[in-house]
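Engineer: sequence and predicted structure below; questions after.
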Amino acid sequence: MQDRPDIVETLSFGCRLNIVETEAMRRLAATDGRPRLVVNTCAVTQEAGRQARKAIRKAARARPEAEIVVTGCGAEVETEAYRAMPEVSRLIGNAEKLRPAAWAGAARGPGAVMDTLTAEPAGVAGMAGHTRTFIPVQNGCDHRCTFCVIPFGRGRSRSVPADAVIEEVARAVEAGGREVVLTGVDLTAYGRDLDEGLSLGGLVLRILAEVPDLARLRLSSIDSVEVDDALLQAIAGEPRLMPHLHLSLQAGDDLILKRMKRRHSRADAIRFCEATRAARPGLVFGADLIAGFPTETDAQFAQSLALVEECGLTHLHVFPYSPRPGTPAARMPPVAPEIIRERAARLREAGDAARARHLAGQVGRRVTVLAERGGTGRAEDFSTVVLGDDVAAGTLLTVRIAGHDGTRLIAEGARPPISINHPA
């Protein structure tokens, strides 16, 4: 039967890796022409699971004819919660969801989630139809942070061989792609399970050397303490590697970091940001930060808040702490929910202020932008730039920045629907 992607709807929750995998599953789910809704769930917080189940119930009312297939980390970690939903037709485990056999002739009715702990990587496939191509090069995690259930959903760390990655990057460029984003659950663990003697930094250098027509290469979230000399070399000396790093920091207090079972200290984070910014002036940092981790005092939270300034963070992802059953952190003395919400709000305010300061510093400069749909694009530092509707998606262009609106840069000549702010 001919593929019918138009009758397959998808919902993706959580990380960029989920977004990439969801696009691949859309193609697989369309091969037998069956109306389907594919829900790729996240387990990083309880709220992510609540939102996914709410969306499933809503979708079942809107599309009663569709087979609802649930997969992802939420399906692995909260199996019984999804299995108990009458709306769910089938569960597919993370180990199986990118395999064609899992989608062929799937019967209605709840199925069994497959074990991911012994799974091999299903291969590499870029996400088509987007301005940037996301390519998963690593999956799973060997670490055991006390707040995290992702290793139970994704299994051990597994890397895609470098030759397969480079072939996929080359295909993306041949198809007209201008920017590739390397993604993974624990991206800086890349290569440890292979016999190639190649780290993430080595992979980056090979990609840039062997795919010379690739205009821009970007990394998703990295663990700064795992960055090796080859990656530092690439950050410092390869202009096609974008000057934007998103760091998995989580907290700014050493005792909280220890209770999280993280592998870096506060000083490590500050030192890394200072050293890499010195090696690559203009480097911009994003970061994940958790507010209200169990036992966190006001003074310890203040250390995380101060980290925004001391590391020079620009793009923040703030997570109010959410206990996950079965994790060590869930058994630690909790912080009151209202305090967690207040701390998360303060972190977001600090992040908004830091981003606004960064945007103000770009006014009057000329920056290179990759145009996306909707009249916007991304600068090399990952800032959103309003371009106007007359620029085709996928175009690389250099523009002068006329102003900003607090969250986005405004290119000269663009007509944003809101007022432009200028630096004082």
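Structural biologist: All right, it came through fine.
Engineer: max-length helix in this protein?
Structural biologist: Longest helix in the chain, counting residues (DSSP state H): helix 337-362.
Engineer: could you check how far Ala62 is from Ala55?
Structural biologist: Per Cβ to Cβ, to the nearest Å, Ala62 is found 10 Å from Ala55. For every residue, glycine as well, the C-beta is placed using N, CA and C.
Engineer: neighbour count for the two, which is higher?
Structural biologist: The neighbour comparison of Ala62 against Ala55 (other Cβ atoms under 10 Å) goes to Ala55, with 15 against 9.
Engineer: which strand residues bridge the nearest residue to that one once chain neighbours are set aside?
Structural biologist: Leaving aside its sequence neighbours, Ala55 sits nearest to Leu11 (Cβ to Cβ, 6 or more residues apart in numbering; 5.5 Å). Here Leu11 sits in beta bridges with Val39, as judged by DSSP bridges.
Engineer: count of neighbours near Leu11?
Structural biologist: Counted with other Cβ under 10 Å, Leu11 comes out at 18.
Engineer: pLDDT score assigned to it?
Structural biologist: Leu11 is assigned 84 on the pLDDT scale.
Engineer: likewise Thr71?
Structural biologist: With respect to pLDDT, Thr71 scores 88.
Engineer: what sits against the closest residue to Gly292 other than its chain neighbours?
Structural biologist: The shortest distance from Gly292 to any residue other than its chain neighbours is 3.1 Å, reached at Ile340 (Cβ to Cβ, 6+ apart). Going by Cβ atoms under 8 Å, 6 or more residues apart in numbering, Ile340 touches 291-292, 320-321.
Engineer: list just the nearest of the residues you listed to Ile270.
Structural biologist: Within the contacts of Ile340, proximity to Ile270 (Cβ to Cβ) peaks at Ala291, which comes in at 19.5 Å.
Engineer: hey, what's that closest one bridged with?
Structural biologist: Beta-bridge partners recorded for Ala291 (DSSP bridges): Pro320.
Engineer: all helices of the stretch 101-250 of the chain, in order?
Structural biologist: Chain-ordered helices for the stretch 101-250 of the chain, with DSSP state H, counting those that start in this stretch as the definition, fall at 150-154, 162-174, 200-210, 229-237.
Engineer: coming back round to it: how far out from the middle of the chain is the longest helix of the chain?
Structural biologist: Centre-to-centre, helix 337-362 and its host chain are 19 Å apart (Cα atoms, centre = their mean, to the nearest Å).
Engineer: how about that helix: buried residues?
Structural biologist: Within helix 337-362, the residues scored as buried using 16 or more other Cβ atoms under 10 Å are 340, 343-344, 346-348, 350-351, 354-356, 358-360, 362.
Engineer: cool, stretch 391-409 as well?
Structural biologist: Buried residues in stretch 391-409 (16+ other Cβ under 10 Å): 391, 394, 399, 401-405, 408-409.
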